[in-house]
Structures are given as C-alpha cells and as structure tokens.
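Chemist: coords please:
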Amino acid sequence: MELDINAYRRLIAIGSALSEEKDIHDLLAQILREAKIMASADAGCLYLRTELDTLEVAAVVNETLHDTLNSFKSDNEGLFPVLLLHRRDGSPNLENAASRSVHQAKTIYLDEVGSAPLDIAQSVLTVPLTSQSERPMGVLQLLKARTSNHQAVGFPPEVVPFIESLASLATMALQNRRLLDQQVVLKTQLENQVDERTEELRLTLEKLSEANVILKDLNTIDAVTRIKNRRYFDDIAVQEWRRAVRQQYPMTLMLLDIDHFKWVNDNLGHLAGDACLHSVAECIDELFNRPSDVVARYGGDEFIVIMPYIRHDNATIYAERVRDAVANRELLVDGQVINVTISIGVASGMPDETITDIRQLIGRADEALYQAKADGRNRVAGIDINTSIKLGA
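Modeler: Numbers count the residues shown, from 1 in each chain. As a prediction, this is how the structure comes out:
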C-alpha cells in the first residue's frame, strides 16, 4: 500500500510537470528516472521512433553513469543501440523486445533471473509509448530489477500499471511537443505567407501608383504639342493664384496666339498645322526653365504661361524674348521651311481687392492679346493689374 501511495503521488507530480516543463528532453528524463525508481531497475532508456523507421535513444538512466541525455554514448553504446523496426525485406523486426513492443503495441516482460547465471541474470520490462489514435511513438524500457541489497529479481507485476502510466505521460508530453512544434511551423508558414502577400500587395500598389502617375501625366499632356493641356492649366492656375493671395507675391500670365494660323491649315494641311503647333510649343517651353513656370496649350492655336513672382516691369522682357524666338525659328513642315509669328498678351501684378480671381487675370491677358493683334500682330501688349498701366503696344 505504501508503494502505491508514493507511486500515485509521483504520477500526480509528473502530470503537473507535464504542463509546466518547457524542455521535452528534461521531462522525458524525469519520467524515465521516476520509472527506474518505482521499478527498482538498474537501468532504463526511452527509445523514440524516427522518420527513418528506427528506434533511437532519447534518454538513459544507469546506475554506473550520471542521469544525462547523452550518457548512453561510449560506455552504454552497445547496451542501447539504434534499433531497426523492419528487416531489409520489409518484414517487422521482432528480434528484440523494443521493436516487438512497437509492432504489437503492448507491454512485453522478459524474466531471465531464475534460469540465467547471477552475473548475467536480468529482467526486461518494455512499455510502448502509444495512444488510441496513433501508432506507438517509441518505448520505455527498464532493465535488471533489483532488491534493496542489489539482488537480481523480476519486476513485480503490481509495478507494471504504474510504468504504463508513466509511459502514457511520456506519450502525452511527446504529443504536446509535436502539437507545439506544428503550431510553431504553421505560425511561421502563416507569417511567411502574410509577408509574401504583403510584399505582393506592396508591389501591386507600387505598380498601380506608378501606373496612376503615368495615367495622370498622360491626362495632363496635350497630344499634339506634348506640353501641358487645358485641364492641367485650369487646376494649377487656381492653386497658384490662391498661393499668391496667401503669400502676397506678384504673378504674370501670358496668352500667346499664332498669327495667321488658319493660312497654315488651309494651304499646307492639318498635319502641317499640327507640326507647326508642336514646333511653336517646343520653342515657347524651352524659354521657361523655372520649376514654378507652367506652359500649356490653351486651345486651338493659343498657348498660356503662368509665371509666379514676376512683376509687371519684367513681364514684357520675357514676352519679347518669346516673341523674338518664335519669329526667328524656321519650321520644317513636309520638307518645306516656313516662318510664323505670335502675338502675346500679358497681365501681371500683385493680387489685391481690385482683382480676386484668376479668371479676371486671364481676362486682362486676353484683352492685351486682342490689343497686340489689333496693333498689327507679332506684337506684345500688356497691362499691370494693380495700376491699369499698359506695358507695351
């Protein structure tokens, strides 16, 4: 009865350790040590089944050695070898108690104490590490039961259930470790999949962003002249005007119109007209190099330029440079060299209470352009929006 009480207490203690012990090897060694104590065995080992269908030692306890996981090497290497579960022909290997216990999934007890000489007399108790749902995961094997005075005896039958309970605890520990390992693997796989999907999403969004930028650029470029179009100008003009109002800096706006452009279309054709528009746009765009300057096609043969920070006294200087550059540019159209001129209307000044909207500035530039054409074309005309002083004629 005393043995039973102590054995149950040990089983309860090991069961508690099963949920607390993080190191599976330490727990298996602890279970094996308890089995050795309960059975008064001289030695014992835990064999675990491998993927190669062999049984390899995971823990060893021996009276002549310290209780350590790897102590079976060297001195005990012959006593606890790697065991094959199958022969070369594929048939079950039933030559030893450990492999036979795995194949038969039952406890095997061998007792040679009564018939063998004292120096080799031994008993062997082999218990499979098995569960209801899986094949045996290994065996717990105890060797040489002895009395308190070290006399070889057979393992008492009443100790077998306790050893089988310890084997069940070892099985549970291994199953828990397997589940934890699978959980770690699945977590790692899930994290890797999330990382992969995140990276794919990032690349997709990056491509979409690039495509959006390209599309946005395409939507703001005039197909004929390859400069900014009217839609872009309408958006940027409002922004620039609001910024000029907030920061109180001057602004110049130019309207440019190709003189007698109808003659080019009527006499040289619309393809020649498109080439003329492209060449004039290119010439104008080349003269405005500041990041804040915006050159756009306003419609038909008209172009428009926004020049922040430019006062009215410098506005006509820029306009005259543009007019002169176009007038002196030879355009090659269908192998024929032609010259065209432009008329420019300029409106410039500081936003104030007299003009509160960019459309008013455009209107003043349009009035100046009309004046330039009325004065004979190939002219620059302008007005200071703050003083209504004309800048040129």
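
Chemist: isn't Ser343 right up against Met254?
Modeler: No - applying Cβ atoms under 8 Å as the test, Ser343 and Met254 come out as separate, 10.8 Å apart. Quick note: C-beta positions are derived from backbone N, CA and C, even for glycine.

Chemist: which one's more surrounded, those two?
Modeler: Taking Ser343 and Met254 together and counting by other Cβ atoms under 10 Å, Met254 has the greater number of neighbours (27 against 24).

Chemist: per-residue pLDDT of the more buried one, please?
Modeler: As predicted, Met254 sits at a pLDDT of 96.

Chemist: Ala244 versus that one, what's the distance?
Modeler: Here the criterion is Cβ to Cβ, to the nearest Å. By it, Met254 lies 16 Å from Ala244.

Chemist: do the same with Asn219
Modeler: When distances are taken as Cβ to Cβ, Asn219 and Ala244 turn out to be 25 Å apart.

Chemist: more neighbours: these two, which one.
Modeler: Remark: of Asn219 and Ala244, Ala244 carries more neighbours, 19 against 10, as counted by other Cβ under 10 Å.

Chemist: this structure: helices as residue ranges?
Modeler: Counting by DSSP state H, the chain forms helices over residues 2-20, 24-39, 97-104, 160-219, 230-247, 261-268, 270-286, 312-327, 358-374, given from the N-terminal end onward.

Chemist: tell me the angle the fourth one makes with helix 97-104.
Modeler: It refers to helix 160-219. In this structure, helix 160-219 runs at an angle of 70 degrees to helix 97-104, with axes from the mean of the first three to the mean of the last three Cα atoms, to 10 degrees as the basis.

Chemist: next, the angle from helix 160-219 to helix 230-247.
Modeler: Computed by the same axes, to 10 degrees, the angle separating helix 160-219 from helix 230-247 equals 90 degrees.

Chemist: do the third one as well
Modeler: Taking the same axes, to 10 degrees, one finds helix 97-104 and helix 230-247 inclined to each other by 120 degrees.

Chemist: what sits up against helix 97-104?
Modeler: Where contact means Cβ atoms under 8 Å, 6 or more residues apart in numbering, the residues beyond helix 97-104 that reach it are 47, 49, 55, 83-85, 92-94, 107-108, 110, 124, 126-128, 135-136, 138-139, 141.

Chemist: one step back: and the helices of the chain: which comes nearest Ser348?
Modeler: Of all the helices of the chain, the one in closest proximity to Ser348, counting by Cβ to Cβ, is helix 312-327 (4.2 Å).

Chemist: how far out from the middle of the chain is that closest one?
Modeler: Here the centre of mass of C-alpha atoms in helix 312-327, compared against the chain's by Cα atoms, centre = their mean, to the nearest Å, lies 54 Å away.

Chemist: give me the contacts around that helix.
Modeler: Contacts of helix 312-327 with the rest of the structure, by Cβ under 8 Å, 6+ apart, involve 250, 252, 254, 256, 280, 283-284, 286-287, 307, 310, 339-344, 346, 348-349, 378-380, 382-386, 389, 391-392.

Chemist: so where's the stretch 201-350 of the chain shaky on pLDDT?
Modeler: Within the stretch 201-350 of the chain, the ranges that satisfy pLDDT under 70 run 215, 217-218.

Chemist: which of the contacts of helix 312-327 fall within strands?
Modeler: 252, 254, 256, 307, 342-344, 346, 348-349, 380, 382-384, 391-392 (DSSP state E).

Chemist: which one of these sits closest to Leu203?
Modeler: Lowest distance from Leu203 to these (Cβ to Cβ) belongs to Met307, with 40.6 Å.

Chemist: is the closest one in contact with Met254, as I believe?
Modeler: Yes - under the criterion of Cβ under 8 Å, Met307 is in contact with Met254, at a separation of 7.2 Å.
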